[in-house]
Each structure stands twice: as C-alpha cells, then as structure tokens.
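> what would the 3D arrangement of this be:
(one chain, ligands or ions: 1)
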Amino acid sequence: MHMGDSILKRSLIKSKERVNEHGEVFTAEREVNAMLDLVKNETERIDSRFLEPACGDGNFLVEILRRKLAVVKKRYKKQPSEYGKYALIAVSSIYGVELLKDNAEECRRRLFEIFKSEYTECCGKTTDEECIDAVRFILSRNILCGDALTLLDSNQKPIVFSEWAMVTGNMVKRRDFELSMLLAVHPRESLFVYAYFAKHILCITLIRG
Ligand SMILES: C[S@@+](CC[C@H](N)C(=O)[O-])C[C@H]1O[C@@H](n2cnc3c(N)ncnc32)[C@H](O)[C@@H]1O
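Down below sits the predicted model:
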C-alpha cells in the first residue's frame with residue numbers, strides 16, 4: 001500500500017454541489033476491497049479487462065492496478081524487461097469514463113504514479129523511459145472524460161477505447177472500438193460487480209475476454 005495514496009486518507013466528498021449535481025460520493029477503501037474480492041481471481045489476472053463507466057478519481061481502478069502489479073512483481077521481479085512488459089499489459093487492460101475533467105485527470109495521474117513507482121522500484125537502473133512514456137500514452141486513451149450515458153466524450157464525439165496487444169519485441173498493437181459497439185456486443189457476457197444508484201444506474205463492468 002502506498003501510504004501517500006491511501007483511499008482512507010482521501011475525502012469521500014468534495015462538495016455538496018458536486019454530490020447533488022453529479023452523485024459524486026467516492027467509495028472508501030474497505031468497500032472497494034470487499035467488492036473487488038468478489039472477483040478476486042480476475043483482479044489478480046494480469047490481462048483481465050476492467051471498464052468503470054463512472055470511475056471518479058479512480059478508487060476502484062487504482063486498487064485493481066495495485067493487485068495486478070503485485071502479481072507482476074511476484075512473477076517477474078528478477079527479469080526487468082518481462083516486468084516492464086507485463087506491467088504495461090496490466091495498465092493497458094484498465095479503462096475508465098468520468099464526467100468531470102478534474103476527476104478523470106486525477107484518476108489518470110494516480111494510475112500513472114502507481115505504475116511508475118512500482119516499475120522504478122522493481123527495475124532500478126534498467127528502467128526504460130520508453131516503457132514509461134508508453135504507459136502515459138495508454139492512460140491518456142484508456143481513462144477518458146465523457147458521459148457514460150450518452151457514450152459521448154467531452155468533445156461530443158463517440159467514446160472510443162483502444163484494445164492493446166503485445167506483438168513481437170516491445171511493439172504494441174492498437175485497435176480502436178467505439179464504446180457503443182462494445183456494449184452492443186458484450187451486454188450479457190459482462191459481469192456487473194458494482195452498481196450505485198444516483199440519478200441513473202452506472203456500474204463497474206468486467207469485460208470477459
Ligand atoms: C458515486 S461517484 C463514484 C466514483 C467512483 N466510482 C468511486 O466509487 O469512488 C460517481 C461518479 O460518477 C461520475 N458521473 C456521474 N454521472 C456520470 C456520467 N453520466 N458519465 C460518467 N460519469 C458520471 C461523477 O462525476 C462521479 O465522479
């Protein structure tokens with residue numbers, strides 16, 4: 001646990017206005033862990049894909065990344081290049097949509113900081129700046145500011161997510177999908193592990209695949 005980023009220390013409410021207007025009440029660490037434990041195996045599978053359509057500043061996604069990186073560390077801490085590759089796969093499988101720009105930015109920042117500190121701790125002098133840049137870029141595409149109900153981004157364009165796949169060496173292949181198409185294809189296979197009721201029902205979704 002990174003004490004500086006402990007969910008317990010983070011306020012669960014920013015203002016009454018934001019609660020009223022956007023249903024913005026963040027989930028505390030204990031509940032986040034209890035809910036994620038319902039799908040513990042998936043949170044510890046490095047490449048399992050998670051999409052949270054109202055991710056706030058990332059309490060769930062941050063914990064999912066921590067769990068995945070703990071597995072990467074256990075398996076590859078003595079092989080820096082493999083560690084980098086699998087840590088990148090872990091990050092690239094995490095997706096979020098958030099209506100408010102400051103929350104989306106904070107979510108991206110937290111995920112990046114966790115990756116960077118784990119990666120540099122594990123790989124020391126063999127840390128590869130290109131891997132860090134790749135993760136920064138992936139997060140800029142995976143954590144989007146948009147509306148999960150209209151499926152439009154902050155520019156009123158359809159939300160597009162990328163599927164990332166490692167090919168030979170350090171090459172990563174990207175395929176783009178409109179979120180509306182993904183939801184049309186996956187509605188039944190998706191496993192809903194968390195729902196909250198504000199003005200609308202949104203949920204955290206684990207995409208099987
Ligand atoms: C109850 S908070 C939960 C945040 C986070 N999932 C957590 O548990 O800590 C709901 C979040 O959904 C966001 N939100 C509300 N309506 C949304 C929408 N239509 N699309 C995307 N995000 C939305 C709010 O800005 C807020 O950050």
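
> in the protein, what residue lies closest to the ligand?
Residue of the chain nearest the ligand, by CB to the nearest ligand atom: residue 56 (2.6 Å). (Glycine included, C-beta is placed from N, CA and C.)

> point out where the chain drops to low pLDDT.
1-9, 185-209 (pLDDT under 70).

> show me where this structure has strands.
For the chain, the strands defined by DSSP state E cover 49-52, 94-98, 143-147, 152-153, 160-166, 172-178, 191-197, 201-207.

> starting from the first one, tell me which strands it pairs with and how they run.
Meaning strand 49-52. Sheet pairing of strand 49-52 (DSSP bridges) gives strand 94-98 (parallel), strand 201-207 (antiparallel).

> returning to that earlier point: now for the residue of the chain closest to the ligand, how many residues are close by?
Neighbours of residue 56 under the rule other CB atoms under 10 Å: 23.

> hmm, it is touching residue 107, no?
Yes. Between residue 56 and residue 107 a contact is recorded at 7.0 Å, counting by CB atoms under 8 Å.

> which neighbours do the two share?
Common contacts of residue 56 and residue 107, defined by CB atoms under 8 Å, 6 or more residues apart in numbering, comprise residue 98.

> residues in contact with the residue nearest to residue 147 when sequence neighbours are not counted?
Nearest-residue entry for residue 147: residue 99, 5.8 Å, with adjacent residues in sequence omitted and distances by CB to CB, 6 or more residues apart in numbering. Listed by CB under 8 Å, 6+ apart, the contact set of residue 99 reads 22, 54, 145-148.

> and those near the ligand, which?
Restricting the contacts of residue 99 to those near the ligand by CB under 6 Å from any ligand atom leaves 22, 54, 147-148.

> which one (most neighbours) among those residues?
When neighbours are counted by other CB under 10 Å, residue 54 leads these with 25 neighbours.

> could you pull up phi and psi at that residue?
Dihedral angles of residue 54 (phi, psi; degrees, to the nearest 10) stand at phi -150, psi 70.

> give me the distance between the residue of the chain positioned farthest from its centre and residue 80.
Distance from the C-alpha centroid of the chain peaks at residue 125, with 26.9 Å (CA atoms, centre = their mean). Separation of residue 125 from residue 80 (CB to CB, to the nearest Å): 9 Å.

> can you tell me the centre-most residue of the chain?
residue 94 (3.5 Å).

> OK, contacts around it?
49-50, 61, 64-65, 68, 111, 142.

> kindly report the residues of this protein close to the ligand.
Within reach of the ligand by CB under 6 Å from any ligand atom, the chain has these residues: 22-27, 52-56, 59-60, 97-100, 103, 147-149, 196.

> go again using 5 Å as the cut-off
Counting by CB under 5 Å from any ligand atom, the positions of the chain adjacent to the ligand are 22, 24-27, 54, 56, 59, 99-100, 103, 147-149.

> returning to that earlier point: save the ones next to the ligand among the contacts of residue 99 as JSON lines, and put in distance to residue 42 too.
As requested, those are arranged in JSON lines below (distance: CB to CB, whole Å):
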{"residue": "22", "distance to residue 42": "28"}
{"residue": "54", "distance to residue 42": "19"}
{"residue": "147", "distance to residue 42": "26"}
{"residue": "148", "distance to residue 42": "21"}
